[in-house]
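**Q** After the sequence you'll find the predicted model.
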Amino acid sequence: MLDKTETVHAMMAEIGRNARAASRVLLTAKPEAKTAALLAMADAVDAHVSDILATNALDVTAATDAGQTASFMDRLTLTPARIGDMANGIRAIAALADPVGTIIAEWDRPNGLHIERVRTPLGVIGVIYESRPNVTADAGALCLKAGNAVILRGGSDSLNSSRAIHACLTLGLRQAGLPEHAIQMVTVPDRAAVGEMLAGLQGNIDVIVPRGGKSLVARVQSDARVPVFAHLEGLCHIYVDASADLAMARDIVLNAKMRRTGICGSAETLLVDRAVAETHLGPLVADLVAAGCEVRGSAEVMARVPDVVPASDEDWATEYLDAVISVTLVDGIDGAVAHINRYSSAHTEAVIADDAQVAERFFAEIDSAILLHNASTQFADGGEFGMGGEIGIATGKMHARGPVGVEQLTSFKYRVRGTGQVRA
């Protein structure tokens, strides 16, 4: 009789084999078949809203009883509107151009060889995520569109919700005649399943994508034996320059922090040019406080505006994912660049400035994956980039960076056409 560890090992090995077999079918699947599956998935999500809400209520109740934070609950909770957005996101992915087989570049050699660089699926992608049931739909749809099989391992906190959403995805695959193993879900909460995925499932996983907190991502990056697309933290900054329009700055800062505090694109540190501290700092802080945000400020900030608590050294390096923001003054663009380059997690930064030269310096001298000028950091999202959705944000510099959408879930191969050439 197998013990628990052996049972998980056997189950995960079978999932890996099934995923690899499905990926070979997807390699040559027609774009029309993938589109049909995605549209059927979206329709199934719309048709099963009540079922998804009922299962999500079980997860929300359990998380509430466990005393989870407000930001955690926001990521976990589904509403009819959020489920509708999920279905529409799948439709948006279905409407994207199919990347597989696209010729990225082509050229001729003097010897007559014609060379093409062509997009091809990565193969099998493992996605490990926590309290975000919507990732089930986003990841499943994006991977399918790019011709990949995917293995989904959601957190135990969202397992009921993710199962209900996965059932809709499976229905879409079945209706389109594509292999159901193209999108598989690990339905056991045993953490040993994660270890099996990180080990690569006997060579059957090509890439791992973690979506979750710092501890999860750190473990994946440390233990994975396959490539990883990930960001460790979203420590996002906004710099308000002396040239910034105050009304615009107020709108952007409030949105960047408070629209949704628990997402990785939420602003965590506000930097204000010391030259406009008298005019800009007070209104910006007052807006945040009025919206229910705790403001942690430097000594200078505390001396100038009320309702601010002291910021510690740790605050400048903290991703709050909550209604908390750290605020300090800097000496213009030089000070902003120095602060961001010291503390940034290379995720997303924004500059608010009417001075075009300030914006260009910001873009040139800061090496984060996403940089915005006069726009909220909450736009750090594949859907907002026109990608239909994203499987995550990557802050590394190899292969994929920024929102990981359909194109980033492909690799490429070379096709070389000759007329009998041999090498001397």
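**A** Right, received. Where do you want to start?

**Q** Would you state the helices of the stretch 201-350 of the chain in chain order?
**A** Ranges of helices in the stretch 201-350 of the chain, per DSSP state H, counting those that start in this stretch, are 214-223, 246-258, 282-290, 299-304, 332-343.

**Q** avg pLDDT for the first one?
**A** By that I understand helix 214-223. The average pLDDT for helix 214-223 rounds to 85.

**Q** And the contacts of it?
**A** When contacts are defined by Cβ atoms under 8 Å, 6 or more residues apart in numbering, helix 214-223 is touched by residues 128, 130, 194-195, 198, 208, 210, 228, 230-233, 319. C-beta: built from backbone N, CA, C; applies to glycine.

**Q** now stretch 364-379
**A** So stretch 364-379 is in contact with 231, 236, 238, 248, 252, 255-256, 259-260, 263, 265-267, 337, 340-341, 344, 346-353, 359, 362-363, 380, 385, 393-395, 401-403, going by Cβ under 8 Å, 6+ apart.

**Q** Now do the closest residue to Val8 other than its chain neighbours against Gly386, distance only.
**A** Using Cβ to Cβ, 6 or more residues apart in numbering and skipping the chain neighbours, the partner closest in space to Val8 is Ala192 (4.6 Å). Counting by Cβ to Cβ, to the nearest Å, the gap from Ala192 to Gly386 is 39 Å.

**Q** dump the residue contacts of Ala249.
**A** 240, 280, 284, 352.

**Q** And it, how far from His347?
**A** With Cβ to Cβ as the criterion, Ala249 and His347 are 21 Å apart.

**Q** quick one: pLDDT of the closest residue in space to Lys4 that isn't next to it in sequence?
**A** Closest residue to Lys4 apart from its sequence neighbours, by Cβ to Cβ, 6+ apart: Asp190 at 7.2 Å. Note on Asp190: pLDDT of 85.

**Q** Now for Asp190, how many residues are close by?
**A** Neighbourhood size, Asp190 [other Cβ atoms under 10 Å]: 16.

**Q** The one 5 residues further on too?
**A** Per other Cβ under 10 Å, the neighbour tally for Gly195 reads 15.

**Q** which residues touch it?
**A** Counting by Cβ under 8 Å, 6+ apart, Gly195 touches Asp223.

**Q** Am I right that it sits in a helix?
**A** Yes - according to DSSP: H, G, I helix; E, B strand; the rest coil, Gly195 belongs to a helix.

**Q** Do a quick rundown of the strands in the stretch 1-150 of the chain.
**A** Under the criterion DSSP state E, counting those that start in this stretch, strands of the stretch 1-150 of the chain are mapped to 103-108, 114-121, 124-129, 149-153.

**Q** So which bits of the second one are buried?
**A** Judged by neighbour count (16 or more other Cβ atoms under 10 Å), strand 114-121 contains these buried residues: 118-121.

**Q** got the CA coordinates for it in PDB?
**A** Extracted in PDB, the C-alpha atoms of strand 114-121 (Å, rounded to 0.1, in the frame of the first residue of the first chain):
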ATOM      1  CA  HIS A 114      16.300  31.200 -46.500                       C
ATOM      2  CA  ILE A 115      16.000  31.400 -42.700                       C
ATOM      3  CA  GLU A 116      12.900  32.100 -40.600                       C
ATOM      4  CA  ARG A 117      12.500  32.600 -36.900                       C
ATOM      5  CA  VAL A 118       9.100  31.300 -35.900                       C
ATOM      6  CA  ARG A 119       7.000  31.400 -32.700                       C
ATOM      7  CA  THR A 120       6.400  28.000 -31.100                       C
ATOM      8  CA  PRO A 121       4.700  26.900 -27.800                       C
END
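
**Q** and it, what other elements does it pack with?
**A** Counting contacts by 3 or more Cβ pairs under 8 Å, 6 or more residues apart in numbering; DSSP states H and E, strand 114-121 packs against strand 103-108, strand 410-417.

**Q** do the first one as well
**A** On a contact count with 3+ Cβ pairs under 8 Å, 6+ apart, strand 103-108 meets strand 114-121.

**Q** Quick one: work out the angle between the strand it packs on and strand 103-108.
**A** Our comparison of strand 114-121 with strand 103-108, counting by axes from the mean of the first three to the mean of the last three Cα atoms, to 10 degrees, yields an angle of 160 degrees.

**Q** ok, and what's touching strand 114-121?
**A** Here strand 114-121 has contacts from 23, 26-27, 99-109, 146-148, 407, 409-418, using Cβ under 8 Å, 6+ apart.

**Q** How far does it sit from its chain's centre?
**A** Centre-to-centre, strand 114-121 and its host chain are 27 Å apart (Cα atoms, centre = their mean, to the nearest Å).

**Q** pLDDT weak spots in the stretch 201-350 of the chain?
**A** 231-232 (pLDDT under 70).

**Q** Can you tell me which of the buried residues of strand 114-121 is closest to Met86?
**A** Using Cβ to Cβ, Pro121 comes nearest to Met86 of the buried residues of strand 114-121, at 23.5 Å.
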